[in-house]
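I would like to see how this sequence folds:
(2 chains)
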2 protein chains.
Amino acid sequence: MAQPKSGLPEQVSKQIIQLILNEGLKQGDRLPNETVLSEKLGVGRSSVREAMKLLRSRNIVSIRQGSGTYVSSNPGIAGDPLGFTFIEDKRRLARDLLEVRFMIEPQMAGMAAEKATADQVQNIKKLCDETEKLAAAGEDYSAADTAFHSAIAESCGNMVIPRLMGILKYSVPLFIDVTGKQLIAETIRTHRAIADSIAAHDSTAAHDAMYLHLVYNRNIIANETDQE
Amino acid sequence: MAQPKSGLPEQVSKQIIQLILNEGLKQGDRLPNETVLSEKLGVGRSSVREAMKLLRSRNIVSIRQGSGTYVSSNPGIAGDPLGFTFIEDKRRLARDLLEVRFMIEPQMAGMAAEKATADQVQNIKKLCDETEKLAAAGEDYSAADTAFHSAIAESCGNMVIPRLMGILKYSVPLFIDVTGKQLIAETIRTHRAIADSIAAHDSTAAHDAMYLHLVYNRNIIANETDQE
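Numbering: from 1, shown residues only, chains lettered A, B, ... in the order given. As a prediction, the model looks like this:
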């Protein structure tokens, strides 16, 4: 299967990525306008416009009508980067995602207990409160739940892990769907234990609390599969 | 930062993804042609063409001139899906990627020893031979090295791990670059130990051999950092 020669917009989009890197543009920074880029790169304005559309679809730039084009937040990380949309067996996907979370998250929680700053601890506790409040009220807590796990990832001192969690979080809504409301009490309790042990900078307790959190998830999934 | 309303091509691209899923199209399958899609989705042919360009940039379809549009292999997984291009500190990135590989790859090797089929074992041994031959001849063995690790990932029985390895493999060329030629002897020796223990279906030995492989990498990186 030979790849077709990539078109001009594709090539221009690579030049624009290089320009973002060379000029050290950060997320939220504005790119030069179409006319400037078109002169700089020696291509027509319509090619620049086409290239920007490709870059937008890959979440590298955001185009704001009437204002300009900006470097995206988390540039280059698009929704569903591992193509989970194209996996049909969602139950097996949920099981395999959980298996990977077991490999990463307990250690990640332990690292966060060692490395979280005072501000990060505050944020983790706040998100723990929020999840608890929503879950107790019977409301959708999946966004707060995801934010809680992301905040821990951001505090663990490894720059790859938060990016990976952005992928694995796919499994949180999946689980809420697969497991119904059975997990609410366990979620509240284990989230609290995780937040408290990170706040106490107790690495072993944070590791174990996260492990237990994942065990509850795995038990529910195993039971559901048995009943089929 | 309000997101701009996504354009028509963006919406049409979502409809095409849905069509791929609904019709159960697999990698390599041909999509209906522009005219058919344009009628089916009730939009102009130029919108279908624009949408296809977006889908190509996300590696969901491949457009072959004069032949048609096909579902990509590994649809939805584009190059550098976690945006590592935009991380400046490549040495820290290498260290953090290695830390994540420690969390995943020893367990993955153990799982592969339990689950690899006879064909998969043959392939792993073949790639081990190839890497060894290239490395011993002083040639670039990074592609063979990556293929060796991918073949183990494909044999471990978890469908998320091979997709993750596609991201983490980013670190292999990075290491060869960072560490020069110091690792060749260790790479040959530990690769052989990994391949042999998977072939013997010895899960513990495979786990330990992979762990040792990563330790060699980490030692070299630590030494290099000391010398700065």
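
so what does the strand or helix carrying residue A:187 touch, helix or strand wise?
Element membership for residue A:187 (DSSP states H and E) is helix A:184-199. Judged by 3 or more C-beta pairs under 8 Å, 6 or more residues apart in numbering or on different chains; DSSP states H and E, the packing partners of helix A:184-199 are helix A:90-115, helix A:118-136, helix A:142-154, helix A:203-227. Any C-beta I mention is one placed from the backbone N, CA and C, and that applies to glycine too.

Contact partners for residue A:209?
A:109, A:190, A:193, A:194, A:197 (C-beta atoms under 8 Å, 6 or more residues apart in numbering or on different chains).

And the second one, what's its pLDDT?
At residue A:190, the predicted lDDT confidence score is 91.

With the fourth one instead?
Per-residue confidence at residue A:194 stands at 97 (pLDDT).

Can you give me the distance of it to chain B?
Residue A:194 sits 18 Å away from chain B, going by C-beta to the nearest C-beta, to the nearest Å.

Mean pLDDT per helix and strand in chain A: which one sits at the bottom?
Each helix and strand of chain A was given a mean pLDDT (mean pLDDT, DSSP states H and E); the minimum falls on helix A:171-179 at a mean of 52.

Can you get me a residue count around residue A:185?
Applying other C-beta atoms under 10 Å in any protein chain shown, we find 12 residues neighbouring residue A:185.

roughly how far apart are residue A:47 and residue A:11?
Applying C-beta to C-beta, to the nearest Å, the value for residue A:47 to residue A:11 is 9 Å.

which of the two has more neighbours?
residue A:47 (20 against 15).

what are the phi and psi angles of residue A:83?
phi 70, psi 30 (degrees, to the nearest 10).

and if you look at residue A:63?
phi -100, psi 120.

Also residue A:29?
Dihedral angles for residue A:29 - degrees, to the nearest 10 - are phi -70, psi 140.

Report the spatially closest residue to it, excluding sequence-adjacent ones.
Take residue A:29 and drop its neighbours on the chain: the residue closest to it by C-beta to C-beta, 6 or more residues apart in numbering or on different chains is residue A:71, 5.0 Å away.

Pull the number of nearby residues for the one you found.
Neighbours of residue A:71 (other C-beta under 10 Å): 19.

now it, which residues is it bridged with?
Under the criterion DSSP bridges, residue A:71 forms beta bridges with residue A:61.

For it, give me its contacts.
Contacts of residue A:71 by C-beta under 8 Å, 6+ apart are A:20, A:25, A:26, A:27, A:28, A:29, A:31, A:60, A:61, A:62.

Is there contact, residue-wise, from stretch A:159-167 to chain B?
Yes: using C-beta under 8 Å from any C-beta of the partner chain, we find that stretch A:159-167 touches chain B at A:159, A:160, A:161, A:163, A:164, A:166, A:167.

how far away is the fourth one from residue A:142?
In this structure, residue A:163 and residue A:142 are 20 Å apart, going by C-beta to C-beta.
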